[in-house]
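1. need a structure here:
(2 chains)
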2 protein chains.
Amino acid sequence: MKKTSITIKEIARQLDISKSTVSRALRDSSEISEETKNKVIDLAEKLNYYPNPIAISLLKNRTQTIGVIVPDIANRFYSSAIGGVEDIAYSRGYHTMIYQSHEQLERERSASRHIASRRVDGLVVAISSQSENIDHFVSLQEQGIPVVFFDRVSDAMQTHKVRIDDYKGAFEATEHLIKRGCKRIAHVAGPKTVSITRFRLEGYKDALRKYNIDFKEEWVLHSEINQAGGTERTYQLMALRERPDAIFGASDRITMGIHWALRQLGYRMPDDVAVVGFCDVAMSSLLDPPVSSVTQPSFEMGQQATSLLLDLIESKNTPAEYETRVLPSNLVINKSSMRVSK
Amino acid sequence: MKKTSITIKEIARQLDISKSTVSRALRDSSEISEETKNKVIDLAEKLNYYPNPIAISLLKNRTQTIGVIVPDIANRFYSSAIGGVEDIAYSRGYHTMIYQSHEQLERERSASRHIASRRVDGLVVAISSQSENIDHFVSLQEQGIPVVFFDRVSDAMQTHKVRIDDYKGAFEATEHLIKRGCKRIAHVAGPKTVSITRFRLEGYKDALRKYNIDFKEEWVLHSEINQAGGTERTYQLMALRERPDAIFGASDRITMGIHWALRQLGYRMPDDVAVVGFCDVAMSSLLDPPVSSVTQPSFEMGQQATSLLLDLIESKNTPAEYETRVLPSNLVINKSSMRVSK
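-> Numbers count the residues shown, from 1 in each chain, chains lettered A, B, ... in the order given. A predicted model of the protein is given here:
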């Protein structure tokens, strides 16, 4: 309270106007000229004085709020990434509003409409697996609300993107299984529509190719990003006449399902079946046996996507070129794949 | 698109005014009288026609948006409750904005300020463990933004509240351990400030009392609601000269920490130490051994809190009396506590 009156006094002194003019300018009163309002706002900003967020955002035409849309907040990869988004947003004076799409295009569109109508300054998104069409994000961008993608990206829109090197992560995981003596390596992949599914599948295939191991169509099954999907695909794989001796899971939920199914079916990991997933480390250490996993810098991905977004929001011009940042993943080896090489 | 013009035509016909008047009324044009605007809006609502959410919300002074604040979206109890919030909100035509407090009073206050300035219609909250003072919620309520509490509630504010019967859940969990022959039952409780901590501690104590088992101060340790807290408290408990033969964990994160620590320390569950927690069923079945747990109807809690909130928003009057709903919990017994009674 005290700070307020001191700052208004100071602004009035420096601009040589009355305190009431300053107050009215900050309240966006129509009695005050645009010119004076701008001077007052600029000085208030310089003095780190943010009196009334509505007044400021009306004047600057900004809300100091960003939105983030992810498929599923309960997925630890996304909740950790949201932590990174909030970290940067908070430190730069922005609020964060979180939406989840539940992997449904319609929910994503509804959130986009809401964001447009509430005049959020910008948006960080991991695209839903149903969203082959992303016109709703293109439309936000056209309305001047910048959108930055992370994790799940799309070629259908020019903007900043932050993803991990899915190809390399999958290549290394598969190579590790090959070096541990696995010869029949199956892959439970994500939905076909998702960008990361394709990158990971390519990495898996190329690792097999490098070591002259035949790629078999029936050892690659696509699954929804959830535990039930991983479980069902594992039943299907282990029912094959020629059973896999290793399974590589494309997400943490899928890998939890693989792990659960193998235990239900009575297989030992890694001796009967070696397992590597894309996992959360905290999660994988709770399982018995702990799961080897390609870990992703989720918090950092959220941070970087948000920095790029805030730069777009705060800059006056469209950037000459949009950037795609590819962050490295890291293979953490645990008991589930520590097979004694034969 | 087609529906729009048909509805505008229909409104114009029924009110015997021009289509352009209808459009302008819906756009809140100053050329149209308040009386006409209200007639048009009322009829549009009757015809289930929502043209432009901004126009409608300006006219009705509503945003058709509710906020939800939880301590941690990654906690499955809260992510499931948010699912229930979204379910009801979506079906009644409201958007949901999600905030997390990270158990910090300052974050909760910041979210409350944001909610006030963005004119959200109402708020569903599980209070942060740091928030002994909840003036920020009282202030929202005074500004006409109703607030409903779920899970973690407070006596410091008169409003609708939805919680589970924490006392009974804890009593039953403790009684189950006693009946399984456990004599030295420890309790890793949550932070002292949180309402549910007190209810659960009372249930634990009363069960001991009923079976004439001495309550020992050193067997009750308070912990942050996270895995690390559960782990550290377990180290502390198992280091006691007189070790517990059972541990009752007050939350799923804490119980995951207890489980992990016991395995690290080489104890067998349930033979050396029996374990019961407040857990998510999907989670506890992944652990080895699976954990017995007091399960909570989290989705339903989110649904009920939201129904109560939307009723407050849509009713013209303050209710004569606020309601506290207490939902039942359910004890699911798994291997971690299936000790052969001695």
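2. okay, CA-based contacts and neighbour counts for the rest of this
-> Noted.
3. pLDDT score assigned to A:V70?
-> On pLDDT, A:V70 comes in at 96.
4. against chain B, how distant is it?
-> For A:V70, the distance to chain B equals 12 Å [CA to the nearest CA, to the nearest Å].
5. what of A:K37?
-> According to CA to the nearest CA, A:K37 stands 21 Å off from chain B.
6. how about A:R62?
-> With CA to the nearest CA as the criterion, A:R62 and chain B are 12 Å apart.
7. again, but for A:A246
-> For A:A246, the distance to chain B - CA to the nearest CA - is 20 Å.
8. that residue: neighbour count?
-> A:A246 has 27 neighbours, counted by other CA atoms under 10 Å in any protein chain shown.
9. the one 5 residues further on too?
-> Here the count is done by other CA under 10 Å, and A:S251 has 28 residues near it.
10. can you tell me the SS state at A:G67?
-> Three-state assignment for A:G67 (DSSP: H, G, I helix; E, B strand; the rest coil): strand.
11. list the contacts of it.
-> A:T96, A:M97, A:I98, A:Y99, A:I115, A:V120, A:D121, A:G122, A:L123, A:V124 (CA atoms under 8 Å, 6 or more residues apart in numbering or on different chains).
12. with A:Y211 instead?
-> A:I178.
13. ok, now with 6 Å
-> Residues near A:Y211 by CA atoms under 6 Å, 6 or more residues apart in numbering or on different chains: none.
14. per-residue pLDDT, it?
-> 97.
15. relative to chain B, how far out is it?
-> The gap separating A:Y211 from chain B is 34 Å, by CA to the nearest CA.
16. how near is that residue to A:R62?
-> 55 Å (CA to CA, to the nearest Å).
17. next: A:L331.
-> In terms of CA to CA, A:L331 sits 42 Å off from A:R62.
18. same deal with A:A12?
-> Distance of A:A12 to A:R62, computed by CA to CA: 24 Å.
19. least confident secondary structure element in chain A?
-> In chain A, the helix or strand scored least confidently by mean pLDDT, DSSP states H and E is helix A:53-60, which has a mean of 49.
20. out of the contacts of A:G67, who has the most neighbours?
-> With neighbours defined as other CA under 10 Å, the most crowded of these is A:L123; it has 28 neighbours.
21. now do that residue, the pLDDT please.
-> 96.
22. mind checking if the strand or helix carrying it is in reach of chain B?
-> If you go by DSSP states H and E, A:L123 is part of strand A:122-125. No. Using CA under 6 Å from any CA of the partner chain, strand A:122-125 never reaches chain B; the gap is at least 13.7 Å.
23. helices or strands up against that strand?
-> Under the contact criterion of 3 or more CA pairs under 6 Å, 6 or more residues apart in numbering or on different chains; DSSP states H and E, strand A:122-125 touches strand A:65-70, strand A:147-150.
24. strand partners of it, parallel vs antiparallel please.
-> Here strand A:122-125 has these sheet partners by DSSP bridges: strand A:65-70 (parallel), strand A:147-150 (parallel).
25. quick one on the thing from earlier: tabulate the contacts of A:G67 (CSV), appending distance to A:M338.
-> Below are the contacts of A:G67 laid out as CSV (distance: CA to CA, whole Å):
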residue, distance to A:M338
A:T96, 42
A:M97, 42
A:I98, 39
A:Y99, 39
A:I115, 47
A:V120, 48
A:D121, 48
A:G122, 45
A:L123, 42
A:V124, 38
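26. pick out the most distant pair among the residues you listed.
-> The span of the contacts of A:G67, defined through CA to CA, is set by A:Y99 and A:D121 at 15.0 Å.
27. got a list of what A:Q296 touches?
-> Contact analysis of A:Q296 by CA under 6 Å, 6+ apart lists A:S329.
28. for it, give its distance to A:D280.
-> 8 Å.
29. where does the prediction get shaky in the stretch 201-342 of chain A?
-> Applying pLDDT under 70 to the stretch 201-342 of chain A picks out residues A:281-282, A:316, A:341-342.
30. residues of it that sit close to chain B?
-> Counting by CA under 6 Å from any CA, the stretch 201-342 of chain A sits next to chain B at A:L287.
31. strands along the stretch 201-342 of chain A, start to end?
-> Counting by DSSP state E, counting those that start in this stretch, the stretch 201-342 of chain A has strands at residues A:220-222, A:246-249, A:274-278, A:292-295, A:324-327, A:330-332.
32. what's in contact with the fourth one?
-> The set of residues that contact strand A:292-295 without belonging to it, under CA under 6 Å, 6+ apart, is A:V276, A:G277, A:F278, A:C279, A:S329, A:N330, A:L331, A:V332, A:I333, A:N334, A:S336.
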